[in-house]
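Colleague: coords please:
(one chain, ligands or ions: 2)
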Amino acid sequence: MKTLNDFNFDKKRAIIRVDFNVPLNDNFEVTDNTRIQAAKSTIIKVLEDGGSCVLMSHLGRPKGKQEEFSLKHVVKAVVDVIGCNVKFVDDCVGPKVEEAVANLDSGEILLLENLRFYEEEKNGDVAFAEKLSKFGDIYVNDAFGTAHRAHASTTIIAQFFENNKCFGNLLTREIESIDKVLNNSEKPVLAILGGAKVSSKITVIENILDKVDHLIVGGGMTFTFIKAQGGSVGDSICEDDKMELALDILKQAKEKGVEVHIPVDVVAADDFNNNANTKVVDVTQIPDGWQGLDAGPKSLENFDEVVNKCKTILWNGPLGVFEMESFAKGTIALGNSIDNATKNGAFSLVGGGDSVAAVKQFGFADKVSYVSTGGGAMLEMLEGKSLPGIEAILK
Ligand SMILES: Nc1ncnc2c1ncn2[C@@H]1O[C@H](COP(=O)(O)OP(=O)(O)O)[C@@H](O)[C@H]1O
Ligand SMILES: O=C(OP(=O)(O)O)[C@H](O)COP(=O)(O)O
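Modeller: Ligands and ions are numbered 1, 2, ... in the order given. I've put the predicted structure just below:
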């Protein structure tokens, strides 16, 4: 695996694919700079070696050149995080960019305009990738969040750098963290899979069964498993067409010696609403007109015990509808259990768009061992897929 430390960037220009796809508010200010922070160490390494950085990224999913998706909105946040001046050019290919790149001195940073202003980016256009490749002596891919996309800047470009290509520090950290959970884990290994639907997590569950000793199934997925086993789930979210699959997963888990833990009680509500009436009920006896929106106290006690006996913990998917205060207790309690286990030496990895949002909202981001910067990319790795952005560097 070629990493940043295999190169000295003295007098070299690095073309770095970063993932600065960050959230903006109505005033076009960055509201969460985590992904910029995460790219910092790569940028600093190049600058400290005596090189220069050409940064390229996408922002959102624009249709053509749409001002609101301009990366100019991100410049200030990059300056604040990196702590030095950042030049910006309002295009990502063409004469203006060529000039700006030619004038870039050692120690300087240039940020290009949103790559997705050109449809060639998402189409993986070879000629477009070749144009981008001219902007650097060494290609660095540090965009983990976009590593599952076979786009011009994440994948196709790599063919123009035979040996002069490597992973940035963030991508290296992401790969190592997931590998630590899936392949080099200290036992017992636990995966906690929550979230809304079984259908979006099936491949992850199936891949993970070969890697773990314990599996906690939580969130909305719970009810498909409960109904499949004959329980009454009332109006809870349930995928009837996935009940067979749920039973098959339980069977596979048994054959593989994986202990599966499912909530035994839930906080049920008479409406999908923060102010609804609630009561704690047995998970197999949810009355009609009521829906399970969070794990109940007995379940949380059980989960705490499991979490605290495991040495490697993967968490994807909240235990309840954490966006509503009334149903956030389960997710918070699980965060506390993982915090405790981590303090006692376990390695904990959290990934997934909503899980990461929950972990940040409830203050657990610094308490777990690693928080992934990729949602879709992380899930695809957990599914056992190889990511095109990673493969392109390894080729
Ligand atoms: N019991 C439940 N009923 C309905 N939705 C739920 C339930 N528990 C969790 N959810 C929802 O699941 C969503 C997150 O699921 P998912 O997208 O799979 O997570 P991630 O993005 O971390 O992979 C959240 O919006 C949450 O409100
Ligand atoms: O935010 C991202 O992905 P994520 O929402 O899965 O974490 C990446 O920047 C990829 O963006 P895309 O899903 O528009 O290709």
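Colleague: Show me how the protein divides into domains.
Modeller: Following automatic domain parsing, the chain resolves into domains at 4-172, 185-382.
Colleague: Secondary structure element holding Val81?
Modeller: For Val81, the element it lies in under DSSP states H and E is helix 75-82.
Colleague: and the helix or strand following that helix, which strands flank it?
Modeller: Next helix or strand after helix 75-82 toward the C-terminus (DSSP H and E): strand 87-89. Using DSSP bridges, strand 87-89 pairs in its sheet with strand 109-112 (parallel).
Colleague: CA atoms only: put the strand it pairs with into PDB for me.
Modeller: Output in PDB follows, covering the C-alpha atoms of strand 109-112 (Å, rounded to 0.1, in the frame of the first residue of the first chain):
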ATOM      1  CA  ILE A 109      -2.300  25.800  -1.800                       C
ATOM      2  CA  LEU A 110      -4.600  26.100  -4.700                       C
ATOM      3  CA  LEU A 111      -8.300  25.000  -4.500                       C
ATOM      4  CA  LEU A 112     -10.000  24.200  -7.800                       C
END
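Colleague: And for that strand, what's in contact with it?
Modeller: Outside strand 109-112, the residues that touch it by C-beta atoms under 8 Å, 6 or more residues apart in numbering are 43, 47, 52-57, 71, 74-75, 78, 82, 84-89, 91-92, 97, 100-101, 104, 135. Placement of C-beta: from N, CA and C, glycine included.
Colleague: go with 7 Å
Modeller: Residues from elsewhere that reach strand 109-112, judged by C-beta atoms under 7 Å, 6 or more residues apart in numbering: 43, 53-56, 71, 75, 78, 82, 84, 86-89, 92, 97, 100-101, 104.
Colleague: List the buried residues of the helix or strand following that strand.
Modeller: Using DSSP H and E, the helix or strand that follows strand 109-112 towards the C-terminus is helix 119-123. Buried residues in helix 119-123, defined by neighbour count with 16 or more other C-beta atoms under 10 Å: 120-122.
Colleague: cool, stretch 318-330 as well?
Modeller: Result for stretch 318-330 [16+ other C-beta under 10 Å]: buried residues 318-322, 324, 326-330.
Colleague: quick one: is that stretch near ligand 1?
Modeller: Yes. Stretch 318-330 is in contact with ligand 1 by C-beta under 6 Å from any ligand atom, via 318, 320-321, 323.
Colleague: What is the nearest of the residues you listed to ligand 2?
Modeller: Relative to ligand 2, the closest of the residues of stretch 318-330 next to ligand 1 is Pro318; by C-beta to the nearest ligand atom it sits at 15.5 Å.
Colleague: my read: the closest one touches Ala358, true?
Modeller: Yes. Counting by C-beta atoms under 7 Å, Pro318 does reach Ala358; the two are 4.9 Å apart.
Colleague: got any residues that touch both of these two?
Modeller: The contact sets of Pro318 and Ala358 overlap at Thr331 (C-beta under 7 Å, 6+ apart).
Colleague: returning to what we had before: could the residues of stretch 318-330 next to ligand 1 be laid out in a markdown table, adding secondary structure and pLDDT?
Modeller: Output for the residues of stretch 318-330 next to ligand 1, formatted as a markdown table (DSSP: H, G, I helix; E, B strand; the rest coil; pLDDT from 0 to 100):
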| residue | secondary structure | pLDDT |
| --- | --- | --- |
| Pro318 | coil | 95 |
| Gly320 | coil | 97 |
| Val321 | coil | 97 |
| Glu323 | coil | 96 |
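Colleague: Please determine how far the closest residue to Gly107 other than its chain neighbours is located from Leu4.
Modeller: Spatially, and ignoring its direct neighbours in sequence, Gly107 is nearest to Leu47 (5.6 Å; C-beta to C-beta, 6 or more residues apart in numbering). Separation of Leu47 from Leu4 (C-beta to C-beta, to the nearest Å): 12 Å.
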